[in-house]
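> need coordinates for the below:
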Amino acid sequence: MTQRSTRIRRHPERSAPDALNSILQAGLVAHVGYILDNEPYVIPFSYFNEPNDTNILYLHGSSASQTLRALRNGATVCVSIAIADGIVYSKTAINHSMNYRSAVGYGKAEVMQDLAEIAEMFDRWIGKYTPGRQPSIDYRRVDDEMMRGTVVLKAHIASWSVKARSGGSREEDDENPAVPGTSGVIDISQF
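A predicted model of the protein is given here:
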């Protein structure tokens with residue numbers, strides 16, 4: 001895989017590499033992109049990664065999935081995770097914006113084979129999306145029967161680009177009471 005440039009060109013002041021782990025832990029959907037037969041595809045997935053291990057993302061789905069088939073056959077994966085925190089409104093149309101945290105990573109995936117490793121990972125994955133659920137009490141753990149027709153991938157992410165925006169509008173007129181209109185931020189982080 002060619003090393004991808006993760007340099008942020010537009011608004012480099014929004015570069016936020018230290019926020020990567022918190023974005024991966026808070027995110028719920030990874031948009032997974034790849035190229036197949038010279039056509040781009042982007043598919044949403046739930047995902048899991050271990051806290052403080054930003055180099056690995058786990059994905060799973062049907063073995064009939066075109067996406068998983070392409071990734072397990074060596075296609076480069078591009079993963080995008082975005083969290084919307086607020087809608088920024090301004091007295092000027094062009095200065096409306098959004099507060100967000102986002103990460104885009106590039107890498108390659110491999111198929112996981114070890115059922116015990118997969119079962120333990122799924123228990124932690126389920127805990128991310130539904131905290132407090134206990135294996136063998138609230139759900140049946142992964143077994144050989146369940147894994148028929150299912151593929152679990154471990155995506156090794158070689159590089160990340162991380163960006164975030166916070167605060168209100170940067171428009172000077174928003175602070176001027178003589179200019180008509182309103183400005184502010186609608187907090188959507190809890191939706």
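> report the beta-bridge partner residues of His156.
For His156, the beta-bridge partners are Ile56, Lys108 (DSSP bridges).
> in this structure, which spans are helices?
20-26, 66-72, 115-129, 144-147 (DSSP state H).
> which one of these lies closest to Ser169?
Ser169 lies closest, by CB to CB, to one member of the helices of the chain: helix 20-26, at 23.4 Å. (Each C-beta comes from the backbone N, C-alpha and C, glycine too.)
> how far off centre is that closest one?
Mean C-alpha position of helix 20-26 versus that of the full chain (CA atoms, centre = their mean, to the nearest Å) differs by 8 Å.
> how about that helix: buried residues?
With burial defined by 16 or more other CB atoms under 10 Å, the residues of helix 20-26 counted as buried are 20-24.
> including pLDDT and distance to Tyr139, could those residues go into TSV?
Shown next, in TSV, are those (pLDDT from 0 to 100; distance: CB to CB, whole Å):
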residue	pLDDT	distance to Tyr139
Leu20	96	30
Asn21	95	27
Ser22	95	27
Ile23	96	27
Leu24	96	24
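> can you give me the strands in this structure?
When assigned using DSSP state E, the strands of the chain occupy the ranges 30-36, 39-45, 56-62, 77-89, 97-111, 150-165, 184-187.
> and the first one, which strands flank it?
In its sheet, strand 30-36 lies beside strand 39-45 (antiparallel), strand 77-89 (antiparallel), with partners assigned from DSSP bridges.
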